[in-house]
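K.L.:
Using only what follows, build the 3D model:
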Amino acid sequence: MRRTSCWVISALACVSLGGVGTASAWRSSLYPSDWAPGFADAAGRRLGDFSYAGYHAGVDPLPDAPGGPVVDVTAPPYGADPTGVADATAAIQAALDDVGAMGGGVVHLPAGTYRVAPPAGAGHALLMQHDGVVLRGDGPTRTFLFNDSTDMRDRRIVLIAPRAEYFSWWWGPRDAHPLAEDAARGATSVRVADASDLVPGELVLIGADATAGFIAERGMTGTWSPEDTSGPIFYRRVVSADPSTGLVELDAPLRHALLTRDAARLFRPALEPVREVGVEHLAIGNRESTASGTGDSDYERPGTAAYDMHASFAIYLDHVVDGWVRDVATYRPPVNTRDVHVLSNAVRVDFSLRVTLADLDLANPQYQGAGGNGYLVTLTANDTLVSGGRMRGGRHNVSLSFMHSSGNVVWRTRTAASRLPVDFHQRLAFENLLDSMSVDDDSIELAFRDCCNHGHGTTESVVWNLEGVRYPLDQFFERFVVDTQQLGHGYVVGTRGAATAVRARTGDGTSPADLVEGRGEGATLEPASLYADQLARRLGVAPPDPPELDAGAPPGLDAGTPAPSDGGVDGGATGMSDAGGVPSDGGATPEAPPSTGCSMGGRSRDPIVPGLALLALFAWRRRAKSPAPA
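P.N.:
This next block holds a predicted model:
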């Protein structure tokens, strides 16, 4: 039975740590006790309202009983082999399609190993394209999806999308309504010339073009162009529409201003999303590649292992509304001789709204080269919630990119031992929150990147109450857990733990310096979680103290996973991948999603002093510690 909004009281989070009311407790200057959306200081700095992130915007919990039939894929008529010996792709796909045709339900993978692989000419092994379908295992230590193919360029193990082909929010918009006036950041309404055909409850897109003027105002002329840069865009539900005034009320705030100069408009999406879909309680892994060629640029060279692994994903959510992935881990299939879990990328959420990624355990991609490979979580969507979980050993453990990446929250998530930082990778993600994270031999970068026409990474984003366990091990001379250089304003509020330093830079048109408060004082910051406090305020409830972060090093699932029975030496789970790129010859997508990656292999913009070249080389070699190529 679905609970109401008071679910927040059970597990969501916190107004503060145990020091409520003590003399040592402190608050951000931008978040007073009577804070309300729109509060700003004299310099115009203000925090966004991040409470709309995740499934149903936080009003409802993830459903345990979504309704509809529960179909056992090992039973007739499907007969999927749970031993990992016979390929189970067709059986599982048939169950997904049948349950979708029934209006939704659960496709159950009982404990065991299920071997899958993309069919010839397909860009995915499994496609979930119907509303209300849940792919459910018996837990990530009992149910294993094993992707047996290493020919995975631009392919996904599990694709959750209304269609197999890549599609952008900007393509083929229907029924465009030009805005009659500019819309400000934080606005929950827009005005159009004619609102008579807009229906309360329908989903719409509100966006503007990255015109030459838009680009020039951000100092990106010559770096970005209107032809290759998509402008700000937000997926929203119509609350009400007044035909007499043209005023359209929206269910969540806009994350950036939209100007009529830039052809700001409201329109219906050309592609209807898939809704109420989820993957849960299983592990996913990929057969390792034994081919040679895993250098940073080898993804461009046909015949190399990197070429075949490039831009592959374990789970890819595209055009999803109110979906989820929870209690899912990557794992090392027993057939792998090295600690390889996935070939390239793990999970990406793209052109989607209100998706929750809960309690994921992701690790150890084989290929971590340039071009967008080796990312564990990539967010290019609106209002995603990453809750709990741990990521380790990726090129980037978490990355956000592009102007359709906004309102996302990464909350109580631990990252460790990355090659490069958690980052805002390119082209101006708007107003995102990294809340109560813990980084160990990792850091967070919110900076201008002069690589590959990336430019400004973000604006108005917040790092709140960050725990630093250890500084990145390749930092020798200047040590920090946050490197912030946002366009306009940015915010770092509270750090704690053994590693607390923050580097706040200007340059590249990013003045003024970002606001930094409470270095080393995060333990007494009120509230301990900005996201949870804002959600409690909006829903009118008082949440309890949050669960503690797991203080141990993330162990993952690389040991103790059962080998497939009856000779199925290749049993395991499917591997994940997340970057875009050029489709492989056999891929089904005529156009691939834009890559989030960079062709440079190293920390962006850190100068290398010639006299320290040997130390820099040592640092690079240490950071390039992905599993050794065969």
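K.L.:
Any stretches of the stretch 451-600 of the chain with poor pLDDT?
P.N.:
543-592, 598-600 (pLDDT under 70).
K.L.:
Which parts of it are strands?
P.N.:
Under the criterion DSSP state E, counting those that start in this stretch, the stretch 451-600 of the chain carries strands at the ranges 458-459, 462-470, 482-484, 491-497, 502-504, 515-517.
K.L.:
now swap in the stretch 251-400 of the chain and tell me
P.N.:
For the stretch 251-400 of the chain, the strands defined by DSSP E, counting those that start in this stretch cover 265-268, 274-275, 278-286, 313-318, 320-321, 324-330, 345-353, 356-358, 361-363, 375-382, 385-387, 390-392, 396-401.
K.L.:
could you dump the ones you listed to TSV with mean pLDDT, mean neighbour count and distance to Trp464?
P.N.:
(Glycine included, C-beta is placed from N, CA and C.) Output for the strands of the stretch 251-400 of the chain, formatted as TSV (pLDDT from 0 to 100; neighbours: other C-beta atoms under 10 Å; distance: least, C-beta to C-beta, whole Å):
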stretch	mean pLDDT	mean neighbour count	distance to Trp464
strand 265-268	96	20	32
strand 274-275	98	22	30
strand 278-286	98	28	27
strand 313-318	98	30	25
strand 320-321	98	24	26
strand 324-330	98	27	23
strand 345-353	98	29	21
strand 356-358	97	24	19
strand 361-363	98	27	22
strand 375-382	98	30	17
strand 385-387	97	26	14
strand 390-392	98	26	19
strand 396-401	98	29	15
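K.L.:
Of the strands of the stretch 451-600 of the chain, give the one that comes closest to Gly394.
P.N.:
strand 462-470 (16.8 Å; C-beta to C-beta).
K.L.:
From Asp296, how far out is the spatially closest residue to Gly105 that is not a sequence neighbour?
P.N.:
Nearest residue to Gly105, sequence neighbours excluded (C-beta to C-beta, 6 or more residues apart in numbering): Gly68, at 2.9 Å. If you measure Gly68 against Asp296 using C-beta to C-beta, to the nearest Å, the figure is 46 Å.
K.L.:
And the two? Which one has more around it.
P.N.:
More neighbours surround Asp296 than the other of Gly68 and Asp296, with 20 against 16 (other C-beta atoms under 10 Å).
K.L.:
That one and Asp151: what is the separation?
P.N.:
Taking C-beta to C-beta, one finds Asp296 at 21 Å from Asp151.
K.L.:
same deal with Gly68?
P.N.:
35 Å.
K.L.:
ok, back up a step: quick one: closest of the strands of the stretch 451-600 of the chain to Pro140.
P.N.:
For the strands of the stretch 451-600 of the chain, the distance to Pro140 is smallest for strand 462-470, at 23.9 Å, taking C-beta to C-beta.
K.L.:
helices or strands up against the closest one?
P.N.:
strand 433-435, strand 438-440, strand 444-446, strand 482-484, strand 491-497, helix 530-539 (3 or more C-beta pairs under 8 Å, 6 or more residues apart in numbering; DSSP states H and E).
K.L.:
now do 6 Å
P.N.:
With contacts taken as 3 or more C-beta pairs under 6 Å, 6 or more residues apart in numbering; DSSP states H and E, strand 462-470 sits against strand 433-435, strand 438-440, strand 491-497.
K.L.:
I'd like to know which of the strands of the stretch 251-400 of the chain is closest to Ser292.
P.N.:
strand 278-286 (17.9 Å).
K.L.:
chain center to that closest one: distance?
P.N.:
Relative to its parent chain, strand 278-286 has a centroid offset of 16 Å by C-alpha atoms, centre = their mean, to the nearest Å.
K.L.:
Next: stretch 236-244.
P.N.:
From the chain centre to the centre of stretch 236-244 is a distance of 29 Å (C-alpha atoms, centre = their mean).
K.L.:
Also stretch 145-165?
P.N.:
Going by C-alpha atoms, centre = their mean, where stretch 145-165 is centred and where its chain is centred differ by 18 Å.
K.L.:
and it, what's its mean pLDDT?
P.N.:
Averaged over stretch 145-165, pLDDT sits at 97.
K.L.:
From the opening residue of that stretch to its closing one, how far?
P.N.:
End-to-end span of stretch 145-165 (C-alpha to C-alpha, to the nearest Å): 23 Å.
K.L.:
How about it, which residues are buried there?
P.N.:
145-164 (16 or more other C-beta atoms under 10 Å).
K.L.:
just stretch 111-131 next, same as before
P.N.:
Residues of stretch 111-131 classed as buried: 112-119, 122-131 (neighbour count, 16+ other C-beta under 10 Å).
K.L.:
and what of stretch 56-68?
P.N.:
His56, Ala57, Gly58, Pro61, Leu62, Pro63, Pro66, Gly68.
K.L.:
Specify which member of the residues you listed is nearest to Pro527.
P.N.:
Nearest to Pro527 out of these is Gly58 (C-beta to C-beta; 15.4 Å).
K.L.:
what's the spacing between the closest one and Val398?
P.N.:
For Gly58, the distance to Val398 - C-beta to C-beta - is 20 Å.
K.L.:
Could you do Asp441 as well?
P.N.:
The value you get for Asp441 to Val398, if C-beta to C-beta is used, is 14 Å.
K.L.:
Which of the buried residues of stretch 145-165 fall in strands?
P.N.:
Members of the buried residues of stretch 145-165 lying in strands (criterion: DSSP state E): Leu145, Phe146, Asn147, Arg156, Ile157, Val158, Leu159, Ile160.
K.L.:
The third one touches Arg155, doesn't it?
P.N.:
No: using C-beta atoms under 6 Å as the test, Asn147 is too far from Arg155 to be in contact (9.1 Å).
K.L.:
partner residues bridging Gly285?
P.N.:
Counting by DSSP bridges, Gly285 is bridged to Phe146.
K.L.:
how far away is it from Phe144?
P.N.:
Counting by C-beta to C-beta, the gap from Gly285 to Phe144 is 7 Å.
K.L.:
cool, and Arg427?
P.N.:
From Arg427 over to Phe144 (counting by C-beta to C-beta), the distance is 37 Å.
K.L.:
who has more neighbours, these two?
P.N.:
Phe144 (31 against 26).
K.L.:
if I look at that one, how far off is Ile206?
P.N.:
According to C-beta to C-beta, Phe144 and Ile206 sit 42 Å apart.
K.L.:
what does Leu357 give?
P.N.:
Distance from Leu357 to Ile206, by C-beta to C-beta: 25 Å.
K.L.:
Show me what the spatially most central residue of the chain bridges to in the sheet.
P.N.:
Centroid-nearest residue in the chain: Leu379, 2.8 Å away (criterion: C-alpha atoms, centre = their mean). Leu379 has the following beta-bridge partners by DSSP bridges: Val349, Leu400.
K.L.:
Just the pLDDT at Ala117, thanks.
P.N.:
98.
K.L.:
Pull the contacting residues for it.
P.N.:
Ala125, Asp148, Ser149 (C-beta atoms under 6 Å, 6 or more residues apart in numbering).
K.L.:
thinking again about what came up before, could you say which of the helices and strands packed on strand 462-470 is packed most deeply?
P.N.:
Mean neighbour count, computed with mean count of other C-beta atoms under 10 Å, is highest for strand 433-435 among the helices and strands packed on strand 462-470, reaching a mean of 28.
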